[in-house]
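Asks: predicted structure and sequence below. I'll ask about it afterward.
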Amino acid sequence: MATGRLSVGQIKGTPRGSASHKRYAKSVQAQMAKVTENLNKVIRSIKATSPLALRYAVKPIYDESQNLVPVDTGKLKASGFIEVRKNTRGVTAVIGYARGNDPHYAAFVHERLDLYHEPPTQAKFLEEAANRHMGKIPERYADYVRRHVGL
């Protein structure tokens, strides 16, 4: 779990046993404890927001692919999905079609450049969507976190 800690050294310069030194040290410690508490709240909020932020960040890829995916029966288009999962390394997003290879022809339709598709649909519908929107993911992710965490 991610946490934050702040450290700026030790307070020196006044006699160790003086009452003013102790009050000052306690005041500084209390202030740092509050700042550390606030930092950890922000970290927890970002962590909690990460799956939704990632989904928001990659959604334009999915939406674009839905515009580009060839439609005959509608089964391929309906098989599209976005999946966001937390794991030990963070958060992972998967955008895809034909989970479980259903429909079985999805990869064929995606890869065959020699087949005609009524515009705007096309082969490489997912790859093209990813290429068009990949550069916007970090900005969209940060924007979502800023709006929902209050940064």
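Replies: That came in fine, so what should we check first?
Asks: let's verify residue 86: helix, strand, or coil?
Replies: Secondary structure, DSSP: H, G, I helix; E, B strand; the rest coil: residue 86 is strand.
Asks: now the residue nearest the centre of the chain: which helix or strand?
Replies: Centroid-nearest residue in the chain, with Cα atoms, centre = their mean: residue 54, separated by 2.7 Å. Following DSSP states H and E, one finds residue 54 within helix 19-68.
Asks: distance from that helix to the middle of the chain?
Replies: 13 Å (Cα atoms, centre = their mean, to the nearest Å).
Asks: after that helix, next one along is what?
Replies: In N-to-C order, the element after helix 19-68 by DSSP H and E is helix 75-78.
Asks: quick one: contacts of stretch 128-148?
Replies: For stretch 128-148, contacts defined as Cβ atoms under 8 Å, 6 or more residues apart in numbering pick out 45-46, 49-50, 52-54, 56-58, 60-65, 67-68, 95, 122, 151. To be clear about C-beta, it is placed using only N, CA and C from the backbone, and glycine gets the same treatment.
Asks: ok, how many other residues are close to residue 110?
Replies: As a burial measure, residue 110 scores 21 neighbours (other Cβ atoms under 10 Å).
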